[in-house]
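Novice: starting from these lines, generate the structure:
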Amino acid sequence: MGVSAVVVVVAAFLLGSIPFSNLAAKRTKGVDLRDVGTGTVSGTSLYRVAGFVPLALAGVCDVAKGAGGALLAGDRPALAAVAGGAAVAGHNWSPFLKGAGGRGLAPALGALLVTAWPGFVLLAVGMAAGRVVRQTGIGSFIAETLLTPLLAIWGGPVGALAGAAIAVPMLLKRVLGNQPPAGPRARAYASRLVLDRDPPPAPT
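Specialist: From the prediction side, this is the model:
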């Protein structure tokens, strides 16, 4: 008899919540990423603070924790899909960072490698295309929005579950961020969702 589903999901969440980017920033530069820029504990923030090598190491660990969360489910694909989403949620709202976190892209890639590889390809292409046109926010938004329907076509209900379990915490984190918006909320939340950033202040 395998490990219970509740234990798998909780363990996946806790594994996903390990803040490798913040640990790397603190270890190399003595900086807490929550105090830098928008306060997002992400690879982008780490790169700005510490450079490529810490980013690469933390990135590998973040991808691995997403894959590890899904692998905890063993041969139960629906549970693996939920566990992968739990790892992303742990990354996005880490209890070790008092609820702060990143956007979930790296652990999402790891989880999708285990549960639904076409989703991995979609997210990777969306990120790459966004970088090419210097609109990474839009590129990742399009990929995250298409994730569930694509995987539903590919894998049926379990595929749809794998896509939704990943996409929902990623899109929700984009909107909520790590702090409330400073300006009008409707405009700020729409900008965060599509562009992954707050709009510029209105002219006075």
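
Novice: which residues in the chain form helices?
Specialist: Taking DSSP state H, the helices of the chain run over residues 5-16, 20-29, 43-50, 52-71, 77-92, 105-115, 117-132, 136-176, 185-195.

Novice: closest one to V36 among those helices?
Specialist: Closest to V36 of the helices of the chain, according to Cβ to Cβ: helix 43-50, at 5.7 Å. Every residue, glycine included, has its C-beta placed from N, CA and C.

Novice: need the contact partners of that closest one.
Specialist: 21-22, 24-25, 28-29, 31, 33, 36-38, 54-55, 58-59, 62, 102, 105-106 (Cβ atoms under 8 Å, 6 or more residues apart in numbering).

Novice: re earlier: K98 is nearest to which of the helices of the chain?
Specialist: helix 20-29 (11.5 Å).

Novice: what does the average pLDDT come to for the closest one?
Specialist: Helix 20-29 comes out with an average pLDDT of 93.

Novice: start the count at 479 instead of 1 going forward.
Specialist: Got it, the first residue is 479 from now on, which makes the last one we talked about helix 498-507.

Novice: that helix vs helix 521-528, what angle?
Specialist: 0 degrees (axes from the mean of the first three to the mean of the last three Cα atoms, to 10 degrees).

Novice: the inter-axis angle of helix 498-507 versus helix 583-593?
Specialist: Using the same axes, to 10 degrees: helix 498-507 against helix 583-593 is 130 degrees.

Novice: for helix 498-507, name the packing helices and strands.
Specialist: helix 521-528, helix 530-549 (3 or more Cβ pairs under 8 Å, 6 or more residues apart in numbering; DSSP states H and E).

Novice: turn those into a markdown table, including mean neighbour count and mean pLDDT.
Specialist: As requested, the helices and strands packed on helix 498-507 are arranged in a markdown table below (neighbours: other Cβ atoms under 10 Å; pLDDT from 0 to 100):
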| stretch | mean neighbour count | mean pLDDT |
| --- | --- | --- |
| helix 521-528 | 21 | 86 |
| helix 530-549 | 21 | 95 |
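
Novice: just put those helices in CSV and tack on distance to G588.
Specialist: Formatted as CSV, the helices and strands packed on helix 498-507 follow (distance: least, Cβ to Cβ, whole Å):
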stretch, distance to G588
helix 521-528, 13
helix 530-549, 3
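
Novice: out of those helices, the one nearest V636 is which?
Specialist: Among these, the nearest to V636 by Cβ to Cβ is helix 530-549 (12.4 Å).

Novice: measure A664 to P677 for me?
Specialist: Applying Cβ to Cβ, to the nearest Å, the value for A664 to P677 is 11 Å.

Novice: between these two, who's got more neighbours?
Specialist: P677 (15 against 9; other Cβ atoms under 10 Å).

Novice: I'd say the more buried one and A660 touch.
Specialist: No: if you go by Cβ atoms under 8 Å, P677 and A660 don't touch, sitting 9.8 Å apart.

Novice: what sits in contact with each of these two?
Specialist: Contacts common to P677 and A660, judged by Cβ under 8 Å, 6+ apart, are A666.

Novice: could you find the closest non-adjacent residue to L533?
Specialist: Closest residue to L533 apart from its sequence neighbours, by Cβ to Cβ, 6 or more residues apart in numbering: Y525 at 4.5 Å.
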